[in-house]
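Colleague: My questions concern the predicted model and sequence given below.
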Amino acid sequence: MAIKIVDYDLLVSGSIDMHLHPGPDVFKCRVDALEAATQAKQAGMKAIVIKNHFYPTAPMAMMVNQLVPDFTVFGSVCLDYEMGGLNVHAVEYSAKAGARVVWMPTFSSTNSISKMRELGLQLKGEGYSILDSKGRLVPEIHPILAIIKEYDMVLASGHMSPTETFALEDEARKLGINKFVVTHPLDHEFFSQAFSKQDLIQLAKNGAFIECTFLAFQASEFRHDPAEMVDVIKAVGAGQCIMSTDLGQIWNPLPVEGLRMFIVTLLKYGVTEDEIDLMTKINPGKLLGLSA
């Protein structure tokens, strides 16, 4: 029986990592933003999105783009306490500075803050929700969505609950925002209320992209079975999924190597090369406005 030889370099080449945590940060990181971009370019990747829970990354992306030609680094903003919460001014500034992704609350989400404390983070406050006591979107959301719509940004759910995510996705869709990502919903250890497979199938039917991250496979008491992720990818359809690393932490592999390992793992569990291309190149490219 012939053994198929897979060209993993070719699969990595042209890929995009939409969720990367390089330094500088309050946490020690494996790479800084310049190193992350340089390594990604050397591997033939097309772009990365740099994320930080505590400050907007568009200015850093601007600098790195000047230093690493023929490659694209996108900035983002994460609406946690440190950014002033649901702060439309932070979103507008980031949009004007070229950021392409807006994350709803992550560590500061009421659906996540207690879980993140259990994981060892020293976080203050009770967290906050994007829904009021009657289950309606709080007033701060609508001007934020207006900026996202105006600048054609990607809206990511952060660590919100399924109820919040459905409410936000529904309103975004009504406003014509069609670049919506459900942030690592399979990483249930980050959420007080986790997503079901049926939740993800419905969100994908609504047009949302489901993010799968390699961080879920790293050695810890929360390490996920790759078969569970592949089951969701097959149920949702690779056409509505993206693959990100969520790497950069000092105890994890380098992001580029993590992406390669992610691709190898999913192939071993029955994902096809065409599906890999959809999730690492075509879908992220559409979200970020990059040609195939």
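Modeller: Alright, I've got the coordinates. Numbering: from 1, shown residues only.

Colleague: For the strand or helix carrying Ala37, enumerate the helices and strands it packs against.
Modeller: Assigned by DSSP states H and E, Ala37 belongs to helix 33-42. Counting contacts by 3 or more Cβ pairs under 8 Å, 6 or more residues apart in numbering; DSSP states H and E, helix 33-42 is packed against strand 47-50, helix 58-67, helix 255-268. In this view, the C-beta of every residue, glycine as well, is placed from N, C-alpha and C.

Colleague: Of all those, which one comes closest to Thr106?
Modeller: Thr106 lies closest, by Cβ to Cβ, to one member of those: strand 47-50, at 14.3 Å.

Colleague: per-residue confidence at Phe27?
Modeller: Note for Phe27: predicted pLDDT of 87.

Colleague: how near is the closest residue to it other than its chain neighbours to Ile130?
Modeller: Leaving out its chain neighbours, the residue that sits closest to Phe27 by Cβ to Cβ, 6 or more residues apart in numbering is Gln249, at 6.9 Å. Gln249 sits at a distance of 27 Å from Ile130 (criterion: Cβ to Cβ, to the nearest Å).

Colleague: Of these two, which one has the most company?
Modeller: Using other Cβ atoms under 10 Å, the more surrounded residue of Gln249 and Ile130 is Ile130, with 27 against 16.

Colleague: phi, psi of the residue nearest to Phe27?
Modeller: phi -70, psi 150 (degrees, to the nearest 10).

Colleague: ok, which stretches of this structure are strands?
Modeller: Ranges of strands in the chain, per DSSP state E, are 16-20, 47-50, 72-74, 76-78, 101-103, 154-156, 180-182, 209-213, 241-244.

Colleague: So which of these is nearest Glu257?
Modeller: strand 16-20 (11.7 Å).

Colleague: which residues does Asp187 contact?
Modeller: Thr213, Leu215, Ala216, Phe222, His224 (Cβ atoms under 8 Å, 6 or more residues apart in numbering).

Colleague: Try it again at 6 Å.
Modeller: By Cβ atoms under 6 Å, 6 or more residues apart in numbering, the contact list for Asp187 reads Ala216.

Colleague: Tell me the confidence at it?
Modeller: Note for Asp187: predicted pLDDT of 95.

Colleague: Same check on Cys78?
Modeller: For Cys78, the model assigns a pLDDT of 98.

Colleague: ok, now how distant is the residue lying closest to it once chain neighbours are set aside from Asp246?
Modeller: Setting aside the residues directly before and after it, Cys78 is nearest to Trp103 in space (Cβ to Cβ, 6+ apart), at 4.3 Å. Plainly put, Trp103 is 12 Å away from Asp246 if you go by Cβ to Cβ.

Colleague: With Lys281 instead?
Modeller: Remark: distance between Lys281 and Asp246 (Cβ to Cβ) = 18 Å.

Colleague: Name the stretch among the helices and strands packed on helix 33-42 that sits most buried.
Modeller: Stretch with highest mean neighbour count among the helices and strands packed on helix 33-42: strand 47-50 (a mean of 26; mean count of other Cβ atoms under 10 Å).

Colleague: count of residues packed around Ala227?
Modeller: Neighbour tally, Ala227, other Cβ under 10 Å: 9.

Colleague: Next one: Pro162 from Leu200, what distance?
Modeller: 9 Å.

Colleague: who has more neighbours, these two?
Modeller: Counting neighbours by other Cβ under 10 Å for Pro162 and for Leu200 shows that Leu200 has the greater number, 23 against 20.

Colleague: What residues does that one make contact with?
Modeller: Applying Cβ under 6 Å, 6+ apart, we find Leu200 in contact with Pro185, Ile210, Val232, Val236.

Colleague: Neighbour count added to these, as CSV?
Modeller: Formatted as CSV, those follow (neighbours: other Cβ atoms under 10 Å):
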residue, neighbour count
Pro185, 27
Ile210, 28
Val232, 18
Val236, 22
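
Colleague: so how far is Gly207 from Ser216?
Modeller: If you look again at residue 216, you'll see it is Ala, not Ser. 24 Å.

Colleague: Then Asp170?
Modeller: Taking Cβ to Cβ, one finds Asp170 at 11 Å from Gly207.

Colleague: And the residue nearest to Phe27, what's its pLDDT?
Modeller: As predicted, Gln249 sits at a pLDDT of 94.

Colleague: now do Ser291
Modeller: Ser291 is assigned 72 on the pLDDT scale.

Colleague: what's the burial count for the closest residue to it other than its chain neighbours?
Modeller: Distance criterion Cβ to Cβ, 6+ apart; nearest residue to Ser291, sequence neighbours excluded, is Gly285 at 6.9 Å. By the criterion of other Cβ under 10 Å, Gly285 has 17 neighbours.
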